[in-house]
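In: kindly return the folded structure for what I paste below:
(chains A and B)
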Amino acid sequence: AAGVIQSPRHLIKEKRETATLKCYPIPRHDTVYWYQQGPGQDPQFLISFYEKMQSDKGSIPDRFSAQQFSDYHSELNMSSLELGDSALYFCASSHRGQGAYGYTFGSGTRLTVV
Amino acid sequence: GQQLNQSPQSMFIQEGEDVSMNCTSSSIFNTWLWYKQDPGEGPVLLIALYKAGELTSNGRLTAQFGITRKDSFLNISASIPSDVGIYFCAGRAQGGSQGNLIFGKGTKLSVKP
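Out: Numbers count the residues shown, from 1 in each chain, chains lettered A, B, ... in the order given. Predicted structure coming up:
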């Protein structure tokens, strides 16, 4: 079965650079969530989109922005990168109404800021 | 913000042992979920619980939604080496967003040397 696809899997950037992470949800899933997981930490919710509109916002820095496109894929844009942004970034997708069983995580993008 | 207290933080297992971990919250949760995460991978859903008192099994895994709706536990029976990993509880608080989850800090399962 198709899963949530994230790209790239690994990314190395320098401080103050920008990065764009991409997420392709499971087909027919209409909701995308972004999480950040620091080393040895639990995932922290950043932002979510339902039907291309922002549906909820968590601890996302102002330097970050995200959007969901007409094909339901989502991009997380990160600017003025800081060392502390180094983390695993997970995307998850679901179909509203399917509850947690439809809530599938991708394998993540490991961002390293040097 | 809301927090989940997950314990223990880490534990060592010997093959064949039963394992138990739990999560508590200061507020009421409508949904409790248990995930397993392997290194460098995304969390994988193990069990989802939707009603207070609900007891659900998935193979050797059993989880319960506490009747107070403020806690949940996960049991793993007859552990095997591939059970090693990090287990997270997660949930949706009453009145919270439909989507985003609050995660516990995780329980790291390792094999006894």
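In: show me what the lowest-mean-pLDDT helix or strand in chain B is packed up against.
Out: The helix or strand of chain B with the poorest confidence is strand B:102-103; it has a mean of 89 (mean pLDDT, DSSP states H and E). With contacts taken as 3 or more CB pairs under 8 Å, 6 or more residues apart in numbering or on different chains; DSSP states H and E, strand B:102-103 sits against strand B:85-93. Heads up, the C-betas are built off the backbone N, CA and C, glycines and all.
In: is the strand it packs on up against chain A anywhere?
Out: Yes. Strand B:85-93 reaches chain A (CB under 8 Å from any CB of the partner chain) through residue B:88.
In: and stretch B:77-85, how far from the chain's centre?
Out: Offset of stretch B:77-85 from its chain centre (CA atoms, centre = their mean, to the nearest Å): 14 Å.
In: so which strand or helix has the spatially most central residue of chain A?
Out: The centroid of chain A falls nearest to residue A:34 when counting by CA atoms, centre = their mean (3.3 Å). Assigned by DSSP states H and E, residue A:34 belongs to strand A:31-37.
In: list the pairing partners of that strand within its sheet, with orientation.
Out: Strand pairing for strand A:31-37, determined by DSSP bridges: strand A:44-50 (antiparallel), strand A:87-94 (antiparallel).
In: could I get the phi/psi values of residue 56?
Out: No chain was given, so I picked chain A. In terms of degrees, to the nearest 10, the main-chain angles of residue A:56 are phi -160, psi 150.
In: correction: the question concerned chain B.
Out: Here is the backbone geometry of residue B:56 (degrees, to the nearest 10): phi -130, psi 140.
In: report the beta-bridge partners for it.
Out: Under DSSP bridges, the beta-bridge partners of residue B:56 are residue B:63.
In: since we're on the residue of chain A found nearest chain B, how many residues are nearby?
Out: Residue nearest to chain B within chain A: residue A:105 (3.4 Å; CB to the nearest CB). Neighbourhood size, residue A:105 [other CB atoms under 10 Å in any protein chain shown]: 22.
In: ok so, going back, identify the residues contacting the least confident helix or strand of chain B?
Out: Outside strand B:102-103, the residues that touch it by CB atoms under 8 Å, 6 or more residues apart in numbering or on different chains are A:42-45, B:1-4, B:88-93, B:96.
In: now the end-to-end length of stretch B:65-82.
Out: End-to-end distance for stretch B:65-82: 25 Å, by CA to CA, to the nearest Å.
In: Three-state assignment for the closest residue to residue B:80 other than its chain neighbours, please.
Out: Nearest-residue entry for residue B:80: residue B:15, 6.1 Å, with adjacent residues in sequence omitted and distances by CB to CB, 6 or more residues apart in numbering or on different chains. Assigned with DSSP: H, G, I helix; E, B strand; the rest coil, residue B:15 falls in the coil class.
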